[in-house]
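J.: The following block contains a protein sequence and its predicted model.
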Amino acid sequence: MSEAKHNSPYALEVRGLSRSFGSRKILADVNFKLKHGEILIIMGGSGCGKSTLLRHIIGSLKPDTGEIYIDGTEITKLNDRELSKVRKSFGMLFQTGALFNSLTVGENVALPILESSDVSSIIADLVVKLKLELVGLTGFEHLKPAQISGGMKKRVAMARALALDPTLLFCDEPTAGLDPVMTAVIDTLTVDLTKKLGISAVVVTHDMTSAFRIATQMIFLFEGRVIAAGTPDQIKNNPDPILQQFINGYADGPIPLKLSKDDYLKRLMQA
Amino acid sequence: MLLEYARLTSQAFAGIFAPLLGQRSWRLSALFNQMVSIGVASLPTVALANFLLGVVLAIQGAGQFEKLGATDMVANLVAFSILREIGPLITAVIVIGRSGSAITAELGTMKVAEEIEALNVMGIDPVKYLVVPRLLAMIIMMPVLTVLGEGVGLFAGWLISVTSLHLDPIFYVNNSIDAVEQKDLFNGLFKSLMFGCVVGTVGCFYGIQVEGGAEGVGKATTKSVVTSLTSMLFMDAILTALIYFV
């Protein structure tokens, strides 16, 4: 994909994003940029706000403050119709795959193609075959999602996310619940696809092996804030104790697993 | 809550009328599938319920009319009550229990599995893609089921009267025809059309609103059935009052 096609040097830019649910602050002043053709890993523990951040970027949630630019277009203030136009430029791989169980694998991949334009079903079939070929699932068009394995579902979901030739791919925990071999397959696929198709990817994960295998850029979220950002090497060498505990998977460290003494007392008094 | 229901309903009806204004046409295959699952699959239960009510009406009516020495009035009672009231009502009750609940459970499961969000992200409007075919199928199939159910109910009344009450078969039919006007049939059908709108919109609304996993789907399905039943009965009372007093 040539540079001239892009409206901005950044595929994605998030500025000052904050969001609270009730009194709980889930995202606090999140900032980052992603250049075209790069793979950004958003990592962090469970409940740190990474899925919420992704839902803001795809326009499912609106922030309290802050801006999100997708290839130069600010999306937080768009109405549904304008947003759905921007959404055609990106693909999303959901954590569960989110395939439609009533449709076959082929129909699932064809869905965005047939709905977005008046292409004939013959053309759509051809595109479906091409996309399934990309993810190594040629010949599986006629099976229902219930008849294939978890890893295959993820790959079908990837083919569907790529159906409209997006310039930006979002993946929410693409390797969660998969065995190490299938994890490697999905990782290789993500890297290959971004290289072959020239697209950028944002991957949310807490699988560190997978993260370091595919990332060109990484950010680490902790309690709704970006506490570290950089290339995989910079992240590995970052001395931040919270980050090091997370990367190396130590049980002991600064990441609070229990309530602090003060919080415990406070809760006890409230009860 | 009511505001969101009103919004969904208006979007759904806009989607139903859009093809008439020259926009994209209905998804005929989806509509056909829904008509089969909502309508055709409900037919045996609807027919059975109407048949049994026809039997009950004839037997109960005969017991009362016998005292007056007017057993032949059973024909009037059965025809009148089935066409005006019982047919549309019992058909709607069966459809709510069978298809209204299924719509909520199906859409709710899709919501929980992120499928509805996936549609949004693909730039596909879930209202047009999921709600419109279901609602339209419900609006079309409810009157169709009602007519078929009423036919079965009338036949059951005739069967009981002829076999157990020894009424003359032709006389019974003539009596039935005299008892009702065309208007009664159309009023009953209008009611069933309105029931279809209520059941379809309520079922879809609760399905799309589901939050929180399998438990959420269960709760929403219960709420959907209860709300559909009560609003259908309210609507029946209001429409009956409007039709016969105004």
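T.: That came through, no problem.
J.: Enumerate the residues of chain A near chain B.
T.: Of all the residues in chain A, those in contact range of chain B (C-beta under 8 Å from any C-beta of the partner chain) are A:58-60, A:84-85, A:87-88, A:90, A:92, A:94-96, A:98-101, A:111-112, A:115-116, A:160, A:164. Every residue, glycine included, has its C-beta placed from N, CA and C.
J.: Can you name the residues in contact with stretch A:161-170?
T.: Outside stretch A:161-170, the residues within contact range by C-beta atoms under 8 Å, 6 or more residues apart in numbering or on different chains are A:1, A:6, A:11-12, A:36, A:54, A:57-58, A:70-71, A:88-93, A:109-113, A:116, A:127-128, A:131, A:134-135, A:190, A:193-194, A:197, A:199-204, B:122.
J.: my bad, stretch A:37-48
T.: Counting contacts by C-beta under 8 Å, 6+ apart, the residues outside stretch A:37-48 that touch it are A:11-12, A:32, A:34, A:50, A:53-54, A:190-191, A:194, A:198-206, A:208, A:211, A:214-224, A:246, A:255.
J.: Now the element after the helix or strand containing B:Val36, going C-ward?
T.: Secondary structure assignment for B:Val36, by DSSP states H and E: helix B:28-38. Next along the chain after helix B:28-38, taking DSSP H and E as the criterion, comes helix B:43-67.
J.: CA atoms of the following helix or strand past that following helix as CSV?
T.: For helix B:43-67, the succeeding helix or strand toward the C-terminus, using DSSP H and E, is helix B:74-81. These are the backbone C-alpha positions of helix B:74-81, laid out as CSV (Å, rounded to 0.1, in the frame of the first residue of the first chain):
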residue,chain,number,x,y,z
VAL,B,74,-74.0,-23.1,20.2
ALA,B,75,-73.2,-22.3,16.6
ASN,B,76,-73.6,-18.6,17.2
LEU,B,77,-71.6,-18.7,20.4
VAL,B,78,-68.6,-20.6,18.9
ALA,B,79,-68.5,-18.5,15.6
PHE,B,80,-68.9,-15.2,17.4
SER,B,81,-66.4,-15.8,20.2
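J.: Packing partners of helix B:74-81?
T.: Contact analysis of helix B:74-81 by 3 or more C-beta pairs under 8 Å, 6 or more residues apart in numbering or on different chains; DSSP states H and E lists helix B:43-67, helix B:132-163, helix B:169-179 as its packing neighbours.
J.: still on that earlier bit, list buried residues within the residues of chain A next to chain B.
T.: Burial of the residues of chain A next to chain B was assessed by neighbour count (16 or more other C-beta atoms under 10 Å in any protein chain shown); the buried members are A:58-59, A:84, A:87-88, A:90, A:92, A:94-96, A:98-100, A:111-112, A:115, A:160, A:164.
J.: out of those residues, which are inside helices?
T.: A:Ser84, A:Arg87, A:Leu111, A:Pro112, A:Glu115, A:Arg160 (DSSP state H).
J.: Including pLDDT, could those go into JSON lines?
T.: Shown next, in JSON lines, are those (pLDDT from 0 to 100):
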{"residue": "A:Ser84", "pLDDT": "83"}
{"residue": "A:Arg87", "pLDDT": "86"}
{"residue": "A:Leu111", "pLDDT": "90"}
{"residue": "A:Pro112", "pLDDT": "89"}
{"residue": "A:Glu115", "pLDDT": "83"}
{"residue": "A:Arg160", "pLDDT": "92"}
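J.: OK, contacts around the residue nearest the centre of chain B?
T.: For chain B, the residue sitting closest to the mean C-alpha position, by C-alpha atoms, centre = their mean, is B:Ala92 at 3.2 Å. By C-beta under 8 Å, 6+ apart, the residues touching B:Ala92 are B:Met142, B:Thr146, B:Ser192, B:Phe195, B:Val199, B:Met232.
J.: What about the first one, how many residues nearby?
T.: The one in question is B:Met142. Other residues lying near B:Met142 total 28 when counted by other C-beta atoms under 10 Å in any protein chain shown.
J.: Using CSV, write out every CA atom in the helix or strand containing A:Leu132.
T.: Using DSSP H and E, A:Leu132 sits in helix A:121-134. Backbone C-alpha positions of helix A:121-134 (Å, rounded to 0.1, in the frame of the first residue of the first chain) are rendered in CSV as follows:
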residue,chain,number,x,y,z
SER,A,121,-22.7,-13.4,-5.1
ILE,A,122,-20.1,-14.9,-7.7
ILE,A,123,-17.6,-12.1,-6.9
ALA,A,124,-18.3,-12.4,-3.2
ASP,A,125,-17.6,-16.2,-3.4
LEU,A,126,-14.3,-15.5,-5.1
VAL,A,127,-13.3,-13.0,-2.5
VAL,A,128,-14.3,-15.4,0.3
LYS,A,129,-12.1,-18.1,-1.3
LEU,A,130,-9.2,-15.7,-1.4
LYS,A,131,-9.6,-14.6,2.2
LEU,A,132,-9.9,-18.1,3.4
GLU,A,133,-6.8,-19.0,1.5
LEU,A,134,-5.0,-16.2,3.3
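J.: Any buried residues in that helix, and which?
T.: A:Ala124, A:Asp125, A:Val127, A:Val128, A:Lys131, A:Leu132, A:Leu134.
J.: picking up where we left off before, just the ones of the contacts of stretch A:37-48 in strands?
T.: Where the contacts of stretch A:37-48 overlap with strands, as defined by DSSP state E, the overlap consists of A:11-12, A:32, A:34, A:200-205, A:217-222.
J.: returning to what we had before: with pLDDT and distance to A:Glu173 added, can I get the buried residues of helix A:121-134 in JSON lines?
T.: JSON lines is the format used below for these (pLDDT from 0 to 100; distance: C-beta to C-beta, whole Å):
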{"residue": "A:Ala124", "pLDDT": "89", "distance to A:Glu173": "29"}
{"residue": "A:Asp125", "pLDDT": "90", "distance to A:Glu173": "31"}
{"residue": "A:Val127", "pLDDT": "91", "distance to A:Glu173": "27"}
{"residue": "A:Val128", "pLDDT": "92", "distance to A:Glu173": "25"}
{"residue": "A:Lys131", "pLDDT": "89", "distance to A:Glu173": "22"}
{"residue": "A:Leu132", "pLDDT": "90", "distance to A:Glu173": "22"}
{"residue": "A:Leu134", "pLDDT": "83", "distance to A:Glu173": "21"}
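J.: Check which helix or strand the residue positioned nearest the centre of chain A maps to.
T.: With the centre of chain A defined as its mean C-alpha position, the nearest residue by C-alpha atoms, centre = their mean is A:Cys171, 3.0 Å away. A:Cys171 belongs to strand A:168-172 when assigned by DSSP H and E.
J.: Give me the angle between that strand and strand A:200-205.
T.: When axes from the mean of the first three to the mean of the last three C-alpha atoms, to 10 degrees is applied, the directions of strand A:168-172 and strand A:200-205 differ by 10 degrees.
J.: gap between strand A:168-172 and the chain center?
T.: For strand A:168-172, the distance from its own C-alpha centre to the chain's C-alpha centre is 4 Å (C-alpha atoms, centre = their mean, to the nearest Å).
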